[in-house]
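Participant: Quick one, structure for this:
(chains A and B, ligands or ions: 2)
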Amino acid sequence: MREQAQLGGVGTSARRPDGPAKVRGEFTYAGDLAAEGMLVGVTLRSPHPHARITRIDTAAARALPGVHAVLTADDVPGDLHFGLTLRDEPVLADGVVRYAGEPVAVVAAVDAATAGRAARAVEVDYEPLPALTDPQLSLTAEPLHPDGNVYRHVSYRCGDPDARGVVTVENTYRIGMQDPAFLAPEAGLAWPTPDGGVAIDVATQWLHSDQQQIGWATGLPPEKVHVRLAGVGGAFGGREDVTLQTHACLLALATGRPVKFEYTREESFLAHRQRHPGTIWLRHSADASGRIVSVEGRVLLDGGAYASTSPVVITNTVTLLQGPYRVDNGRFEGWSVRTNNPSCGAMRGFGVPQAAFAHEAQLDALAAALGMDPVEVRLHNALQRGDVATYGQRFDAPTPVREVLEGVRAVPLPQGPARNAPGGVGRSAEGGTVRRGVGYAVTIKNLAFSEGHVDESTAEVSLCDGHATVHTACAEVGQGFVTVAEQVARTVLGASTVEVTQPDTLIASAGSTSASRQTMASGTAVHRACLAVRDRLLGRVAREHGLDAAELTVADGVVCAAGQPLTTVAEAAPGRTFRATEHFQHPDTHPLGSPEARMYVGYGFSAQRAVVDVDVELGLVSVVQIASCQDVGTVINPTQLLGQIEGGIVQGMGLALMEEVVVADGRITNPDFQDYLIPTIIDAPEIVSTYVTDPQPGMPHGWKGVGEPPLCTAVPVVAAAVRAATGLALPAVPIKPEHIALGLGTPPTVTWTTPRPADPTLIGTVVLADEEVEDALGTMAEEGASPGR
Amino acid sequence: MSDEVRFSLTVDGTSHEVTARWSESLLTVLRDRLGVRGPKTGCAHGRCGACAVRADLGDGDPHVLCACLVPAATAAGGTVETIASIGGPDGELSDVQEAFLAEGAVQCGICTAGFVTAATELLESNPEPTRTEIEEALYGNLCRCTGYGRIVAAVETAARTRRGEAR
Ligand code: FES
Ligand code: FES
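Facilitator: Numbers count the residues shown, from 1 in each chain, chains lettered A, B, ... in the order given. Ligands and ions are numbered 1, 2, ... in the order given. I've put the predicted structure just below:
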């Protein structure tokens, strides 16, 4: 379909409709909500990572003046258990706590201080149990939960996994736990409704998932649970799981009053899901030309205490271990397991940054072993349209791996010294110890939900006198769906004004705002609904003028007949409202290993080049520049696109260099922004962003999601550049100053089946002082740990 | 309660008589006692800048500070300008606010009030900041969404606009 550019339409840098309120400080975030007669909710959390609750007494708490309700597991009227994939997590602890921070009781009181006092007055006797915090041991340990310790075991092979080229490179990589660290902590306000139900305004990523899980906990049917989106201050996956939603609703029902929760920053770290930390072992074998002959990989992700999305994330990590490369022979296996560590779940990239960090380090190690240019090795192996993935799916859409790599290589290298010396203002060392490094990475990210998960959205659009209204359940979390929806309505309908109404559960599900999917899913639903409304409008105009509707078009707000202006959209049908509701569903996908072989809806490809300056004595890193070339389908909004790319890159850089939730004996030791460091404006590099536009089949305008690939690539590319600057292997992220300054790590295992050519320069890759992990992985493989107990 | 303090506080040109616990922060007073919701709570520990306001705490030296770090009692008799004081009376946007919108420096926007406040202060004292000066002025403000590139662009654009240069 051809649609013309129009002011504020698709392809322009239209401004955010919620922008003016945001720059004025007037936008209402969930934390800003208040209601007449509102009570404040507070959660009592377990201090132990693993313990049996032997006694719990709420009498003293309930007796405090100003306290309206104190609830424990016994007070949950519906099903105690919830979860995004497996329903293994109690709404309130069910006699055993499995992580430090698990909700044990919730309180509603007249104000926060009273609620806090009441929570402290709840008497809980714990019998501490040994905490299982090593994911290796989880495979063989006593089950921590009736559902067992393995969330999912994935295993498959293709071709001849034992095929070997002349050179083999193997190594074990470790990735730390990253926090989504959205800037607005969790908040929501629930109240009882006159029909005996409950309503909640909440900062969430997925309204209908919340509705379903609130329904389970309260025992209410879905039609009596009304969820509305409150202003969301960032999400990045961390709001996909239910946190306070069920608690607030249970308390509102118990007290008959509105109840508001607002977590502190510390509580936010305890309550939401982090990115999975993991260990990945990879063995690549290549021929003398650098072509990959075989890949073998094993992954172990620590899912923490409850499943969340652990059974899904592991498949992403394992299947995308091949990277954006053609691999004919391989053997892949992975586990996500239960421990008494914090629960891990969705975070931007969803298992792929882990894979990308490992496979890109391997490609560099291969290149070094063979004495080849790292980009040439990648180009030589780049996936192309028509290739088949190791898991059987054919790449049947544009697969511009070469193009993004060449695009990024074409960006001129930065000249001259970095803006900021390593360490930032005031912490730099002397120039003589600073070395520059350049690294490349390219990644593949699956877009949208996979493996048979229904991936759909619905939009209702109406148009009256040129004013359009768009209604969906798509959660705007900052990514800019509201802008895209407006742009589509302006372009398709020629609407002069567009209002995107508050998302709620009165309309059908839009699915989650995650997996880079909402522009594709909800954007397409809006597009279809706009087309249907336009048809209705044009049908009416055609009847009035005695014309054929097929002759009519809309351009820039003007209805044209055979290209000549006839009337404006605003004046075409005074007072008349045209309305349509349309649905979009992605093509069906199937679980890994099913004969249909389509696991994923589609993919995004991203290449980056990082230039870093490293003070090798102090171990400090300054990222000078990151050049990015990403395949984006088509550009819907250049400014917003750039914002997504830059934001994703800086988050990935954070994981590469500084961000780690440190867990000791099952407890988070840095649950705040003083010790959990996210990049500041000084840390952020110059970013040069270029695009490959190759329209995605089946999507309006050929658009595709863009939010995750930049992060997936930034992790390996920063690591590659630091390796290039230091000559160190650095197989773990975040790369800490001591890794560099103390030169921690050992060279990779490189094996030649033929005599090794004279003097290829080896840049090592390494195991970071963690032979135990490697040994255990080895043992695990030998013993063939049993899946899915 | 015994730890209550009473004091007057001028916020965005309106004077208030406040009763608060002495341990409460200025941010809590603004948000929960006075219903002034422009300053946001990101960390409550002075690490994110979401709560940044411009304040004169009685020493005649108005400057940008983290409202979450100021004990309420310290604010007695003070004058606070929040994001609501930036921009025109009828909702017109300031040049900095305009630039934040035009450059795409706003995503979720929870950091925006703090950034606009800090950037406005910067441009008042330094109309031609270098990139390094922008970074030094804004490194106390965290943004998790934008990666900062658009924010730097917005400050540079606002500076140019203020100097009367075309964008
Ligand atoms: S809330 Fe004040 S600095 Fe974060
Ligand atoms: S726009 Fe979300 S934190 Fe800055």
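Participant: Enumerate the residues of chain B near ligand 2.
Facilitator: Contact residues of chain B with respect to ligand 2, defined by C-beta under 6 Å from any ligand atom, are listed as B:106-111, B:143-146. The C-beta positions use only the backbone N, C-alpha and C, and glycine is treated the same way.
Participant: Look at residue A:13 and say how many residues are nearby.
Facilitator: Residue A:13: 17 surrounding residues under other C-beta atoms under 10 Å in any protein chain shown.
Participant: Show me chain A divided up by domain.
Facilitator: Annotated domains of chain A cover A:30-131+A:182-271, A:456-585 [the TED database].
Participant: Dump the ones you listed into a markdown table; add distance to residue A:444, mean neighbour count and mean pLDDT as well.
Facilitator: Output for the domains of chain A, formatted as a markdown table (distance: least, C-beta to C-beta, whole Å; neighbours: other C-beta atoms under 10 Å in any protein chain shown; pLDDT from 0 to 100):
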| stretch | distance to residue A:444 | mean neighbour count | mean pLDDT |
| --- | --- | --- | --- |
| domain A:30-131+A:182-271 | 19 | 21 | 98 |
| domain A:456-585 | 12 | 21 | 96 |
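Participant: Compare the ones you listed and give me the one nearest ligand 2.
Facilitator: Each of the domains of chain A was checked against ligand 2 via C-beta to the nearest ligand atom, and the shortest separation belongs to domain A:30-131+A:182-271, namely 4.0 Å.
Participant: At which residues are the strands of chain B located?
Facilitator: With DSSP state E as the criterion, chain B has strands at B:4-11, B:14-21, B:52-56, B:63-66, B:79-81.
Participant: Make TSV from the ones you listed and add mean pLDDT to it.
Facilitator: Listed next are those as TSV, based on pLDDT from 0 to 100:
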stretch	mean pLDDT
strand B:4-11	94
strand B:14-21	94
strand B:52-56	97
strand B:63-66	96
strand B:79-81	97
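Participant: want to throw those into TSV with mean neighbour count and distance to residue A:628?
Facilitator: Formatted as TSV, the strands of chain B follow (neighbours: other C-beta atoms under 10 Å in any protein chain shown; distance: least, C-beta to C-beta, whole Å):
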stretch	mean neighbour count	distance to residue A:628
strand B:4-11	16	43
strand B:14-21	15	47
strand B:52-56	23	30
strand B:63-66	19	33
strand B:79-81	22	39
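Participant: can I get these in JSON lines with distance to chain A?
Facilitator: What follows is those, written out as JSON lines (distance: least, C-beta to the nearest C-beta, whole Å):
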{"stretch": "strand B:4-11", "distance to chain A": "12"}
{"stretch": "strand B:14-21", "distance to chain A": "8"}
{"stretch": "strand B:52-56", "distance to chain A": "10"}
{"stretch": "strand B:63-66", "distance to chain A": "12"}
{"stretch": "strand B:79-81", "distance to chain A": "11"}
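Participant: quick one on the thing from earlier: redo the domains of chain A as JSON lines? Include distance to chain B.
Facilitator: Rendered in JSON lines, the data for the domains of chain A read as follows (distance: least, C-beta to the nearest C-beta, whole Å):
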{"stretch": "domain A:30-131+A:182-271", "distance to chain B": "3"}
{"stretch": "domain A:456-585", "distance to chain B": "3"}
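Participant: any chance of these in CSV, with distance to ligand 2 too?
Facilitator: What follows is the domains of chain A, written out as CSV (distance: least, C-beta to the nearest ligand atom, whole Å):
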stretch, distance to ligand 2
domain A:30-131+A:182-271, 4
domain A:456-585, 5
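Participant: between those domains, which gets nearest to residue A:700?
Facilitator: Among these, the nearest to residue A:700 by C-beta to C-beta is domain A:456-585 (4.3 Å).
Participant: ok, which pair from the residues of chain B next to ligand 2 is furthest apart?
Facilitator: Pairwise distances across the residues of chain B next to ligand 2 (C-beta to C-beta) peak at 12.9 Å, for the pair B:106 and B:144.
Participant: who's more crowded, these two?
Facilitator: When residue B:106 is set against residue B:144 and neighbours are counted by other C-beta under 10 Å, the residue ahead is residue B:106, at 32 against 27.
Participant: The more buried one: what's it in contact with?
Facilitator: If you count contacts by C-beta atoms under 8 Å, 6 or more residues apart in numbering or on different chains, residue B:106 has them with A:16, A:19, A:22-23, B:100, B:112, B:146.
Participant: any idea how far it is from residue B:155?
Facilitator: Taking C-beta to C-beta, to the nearest Å as the measure, residue B:106 falls 13 Å from residue B:155.
Participant: what do these two both touch?
Facilitator: Residues touching both residue B:106 and residue B:155 do not exist when contact is defined as C-beta under 8 Å, 6+ apart.
Participant: Stretch B:146-155 and chain A, any residue contact?
Facilitator: Yes: for a cut-off given as C-beta under 8 Å from any C-beta of the partner chain, stretch B:146-155 has contacts with chain A, namely B:146-152.
Participant: Pick out the residue closest to the middle of chain A.
Facilitator: Within chain A, the residue whose C-alpha comes closest to the C-alpha centroid is residue A:348; the distance, by C-alpha atoms, centre = their mean, is 1.9 Å.
Participant: Tabulate the strands of chain B (a markdown table), appending distance to residue A:356.
Facilitator: Listed next are the strands of chain B as a markdown table, based on distance: least, C-beta to C-beta, whole Å:
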| stretch | distance to residue A:356 |
| --- | --- |
| strand B:4-11 | 48 |
| strand B:14-21 | 49 |
| strand B:52-56 | 36 |
| strand B:63-66 | 36 |
| strand B:79-81 | 45 |
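Participant: For residue A:702, which of the ones you listed is the nearest?
Facilitator: Between residue A:702 and the strands of chain B, the shortest separation by C-beta to C-beta is 41.6 Å, and it involves strand B:52-56.
Participant: All the helices of chain B, in order from the start?
Facilitator: Listed from the start of the chain, chain B has helices (DSSP state H) covering B:26-28, B:95-102, B:112-125, B:131-138, B:149-162.
Participant: Please apply the same query to the stretch 501-650 of chain A.
Facilitator: The residue ranges that make up the helices of the stretch 501-650 of chain A, judged by DSSP state H, counting those that start in this stretch, are A:518-545, A:638-657.
Participant: so which of those gets nearest residue A:468?
Facilitator: helix A:518-545 (7.6 Å).
Participant: The closest one vs helix A:638-657, what angle?
Facilitator: Orientation check (axes from the mean of the first three to the mean of the last three C-alpha atoms, to 10 degrees): helix A:518-545 against helix A:638-657 gives 170 degrees.
Participant: Just name whatever secondary elements helix A:518-545 is in contact with.
Facilitator: Under the contact definition 3 or more C-beta pairs under 8 Å, 6 or more residues apart in numbering or on different chains; DSSP states H and E, helix A:518-545 sits against strand A:456-464, strand A:467-472, helix A:481-493, strand A:552-555, strand A:558-561, strand A:564-568, strand A:577-585.
Participant: Please compute how far that helix lies from its chain's middle.
Facilitator: Relative to the chain's own centre, helix A:518-545 is displaced by 31 Å; criterion: C-alpha atoms, centre = their mean, to the nearest Å.
Participant: How about stretch A:118-129?
Facilitator: Taking C-alpha atoms, centre = their mean, one finds stretch A:118-129 lying 34 Å from the centre of the chain it belongs to.
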